[in-house]
Each structure stands twice: as structure tokens, then as C-alpha cells.
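Enquirer: Model the structure of this input:
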Amino acid sequence: MENLTEEQKKELEIKEVKDKITEILNIGEVEELIKSNEKIFEENGITYRVKKPDAKQKKETYEKKIEKFTELLRNDKFVLEKDLKELYLKRGIDIDGMTKKIREKMNSRDDLMFRLGEAIKNKAPIPDLETFKKEIQSLNEEIQDLSIEKTKYLEASIEQQVMIHTYSYLTYLIGEKKEGENWVRIWNSWEEFENDKDKIANRISYYTTLMSSLE
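Expert: This next block holds a predicted model:
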């Protein structure tokens, strides 16, 4: 440590704090995805893999996204998000206000995570760390509840429908399973994916969405 510059010492301190927070909050799964760009897991004796999409898969997904957006835009039964917000506001439901609350709670949570990091660095008592963890967990639950509520309100919007379709199509493209020594696609066609009632599709979709959010 003595031969390190002040900047290097600071970087080491930040890394130490981040490592401790990761350990305490149990977010190793996210770390794994960041490092390997894939998630391998087993369910019902079958090994599955979700890999970061390559350029070709991204291009195909983007084309499907544009195609779906154009299709819904031509359909009078669907409305844009901004129009849906205006309709809700007339009924006393403020979607933008919900977004503001979510942002405020996220800021509060991030501040608590920083303070938790400082407490870890300063070797604070375990009860103090547990208090921070509980407050962070409580805020995470509130953020999740508000986000789910907001998503339900906007579910009928063109943008939400397009997003759901986009992630579904990407899930269909990148989900793989192991057969012998080879990795093969889980679904051979989009129709097969759409008709699949197996819960594995939901798990693959979860990792697909998580991986996309980390890009």
C-alpha cells in the first residue's frame, strides 16, 4: 500500500467497499453475468444457457421491434404511452408522479448503499449494518411495488407492448439447452416459443432481461 499513489489507494478502497456490499446484498448473480456474459443453470435434469446476444441476434430483434411498433401504430385499438398517461390523469392517476416517487426512492436507496459502504469500511457494529440492510430492502420492495403498479397501468400502451414483444423475441433467440456436448436452441420456431407453457421460458426471460439491462 505504501508504494501506491493516492488515486490507486482510493480505487482499492472503492473496490473493497463494492465487494463488501455485493457480499452483504447477495448480488453475486449480477456479477456473474457481467463477468461471463452468460448464465448456465440446471432444471429438471436439463442444462440451460442464456448468452449475451451477438450482433446478428441484436439486428434481428431490432427489426422485429420496429415491425411490431409499426403494426400496433396502425391499429386504432392501441394508444401511445403519452396519450394513456393523459387518460389516467383525468381519472386522478398520476403516472409521471409515480415515476418521480420511484426516482426519489431509488436516490434514497443509493444514498443508504453508500452509507452502508462507509459503515463497512469503518468497521461499524453488525447491528448498524443490519439496520442499513433492512432499510435498503424496504426501499427495494417499495420501488418494486410502485414499478409493478406503473407497469400495469401502462401495459396497454404501444411502447409497453413493443417492449414485451422485444424481450420475448430475444428470449426465443438466445435461450439454449445442452444436448450431449452441444448447445442447441430451446425453441425451433417462434410459434413453438409462443405455445410453450413450461415455466422455463419465464426463467430464461428473466435472465435475458437482466442481461440486457447490464449492457
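
Enquirer: how does the protein divide into domains?
Expert: Split into domains by automatic domain parsing, the chain comes to 1-27, 37-78+157-215, 91-156.

Enquirer: For Leu84, find the nearest of those domains.
Expert: Evaluated over the domains of the chain, closeness to Leu84 peaks at domain 37-78+157-215, with 4.8 Å, by C-beta to C-beta. C-betas here are computed from N, CA, C, even on glycine.

Enquirer: Pull out the buried positions in the strand or helix carrying Gln137.
Expert: Assigned by DSSP states H and E, Gln137 belongs to helix 126-154. By 16 or more other C-beta atoms under 10 Å, the buried positions in helix 126-154 come out as Leu129, Phe132, Lys133, Glu135, Ile136, Leu139, Glu142, Ile143, Lys150, Tyr153, Leu154.

Enquirer: Next, format those residues as TSV and append distance to Glu192 and pLDDT.
Expert: Converted to TSV, these look like this (distance: C-beta to C-beta, whole Å; pLDDT from 0 to 100):
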residue	distance to Glu192	pLDDT
Leu129	48	84
Phe132	47	86
Lys133	43	87
Glu135	45	92
Ile136	41	89
Leu139	41	92
Glu142	39	92
Ile143	35	90
Lys150	32	91
Tyr153	32	91
Leu154	29	92
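
Enquirer: Go through the residues you listed and name the one nearest Thr61.
Expert: Leu154 (21.4 Å).

Enquirer: quick one, what contacts that closest one?
Expert: Counting by C-beta atoms under 8 Å, 6 or more residues apart in numbering, Leu154 makes contact with Glu81, Leu84, Lys85, Ile95, Gln160.

Enquirer: Let me have those in JSON lines, adding distance to Asn122 and pLDDT as columns.
Expert: Shown next, in JSON lines, are those (distance: C-beta to C-beta, whole Å; pLDDT from 0 to 100):
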{"residue": "Glu81", "distance to Asn122": "45", "pLDDT": "95"}
{"residue": "Leu84", "distance to Asn122": "48", "pLDDT": "95"}
{"residue": "Lys85", "distance to Asn122": "45", "pLDDT": "96"}
{"residue": "Ile95", "distance to Asn122": "41", "pLDDT": "96"}
{"residue": "Gln160", "distance to Asn122": "44", "pLDDT": "91"}
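
Enquirer: Let me know the secondary structure of Met113.
Expert: Of the three states, Met113 takes helix under DSSP: H, G, I helix; E, B strand; the rest coil.

Enquirer: For the remainder of this discussion, apply numbering that starts at 12.
Expert: Right, with 12 as the first residue, what we last looked at is Met124.

Enquirer: That one and Thr142, how far apart?
Expert: 13 Å (C-beta to C-beta, to the nearest Å).

Enquirer: try Leu91
Expert: Distance, Leu91 to Thr142, using C-beta to C-beta: 44 Å.

Enquirer: Lys161 now?
Expert: Following C-beta to C-beta, the distance that separates Lys161 from Thr142 is 29 Å.

Enquirer: Next: Gly186.
Expert: Distance from Gly186 to Thr142, by C-beta to C-beta: 41 Å.

Enquirer: got it, and Leu84?
Expert: Counting by C-beta to C-beta, the gap from Leu84 to Thr142 is 50 Å.

Enquirer: so where's this protein uncertain?
Expert: For the chain, the stretches with pLDDT under 70 are 12-46, 224-226.
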